[in-house]
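**Q** Below: sequence and its predicted model.
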Amino acid sequence: MNLTDGTPVTFISCQACEHRAWFDAEGAEIPIEDVLARSKRT
């Protein structure tokens, strides 16, 4: 999926441990605060 600012991201959720995380196109984890900030409409 792409965020509002055009950043391509992937959301992954583990059913075993319930860990949830967002990752950029290179596979680096993105903090939720950054995902939310990049998703705001201007």
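**A** In hand now; what should we look at?
**Q** which residues sit against stretch 27-42?
**A** The contact list for stretch 27-42, computed with C-beta atoms under 8 Å, 6 or more residues apart in numbering, reads 3-5, 7, 9, 21-24. Bear in mind the C-beta positions are built from the backbone N, C-alpha and C, glycine included.
**Q** Any quick PyMOL command for the buried ones out of those?
**A** To isolate the buried members of these in PyMOL, using 16 or more other C-beta atoms under 10 Å:
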select buried, resi 3+7+9+22
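**Q** Which pLDDT value goes with the nearest residue in space to residue 20 that is not next to it in sequence?
**A** In this structure, residue 20 finds its nearest non-sequential neighbour in residue 13, 4.7 Å apart by C-beta to C-beta, 6 or more residues apart in numbering. On pLDDT, residue 13 comes in at 96.
**Q** Counting neighbours, what do you get for residue 13?
**A** Neighbours of residue 13 under the rule other C-beta atoms under 10 Å: 9.
**Q** List phi and psi for it.
**A** The phi and psi values for residue 13, taken as degrees, to the nearest 10, are phi -130, psi 130.
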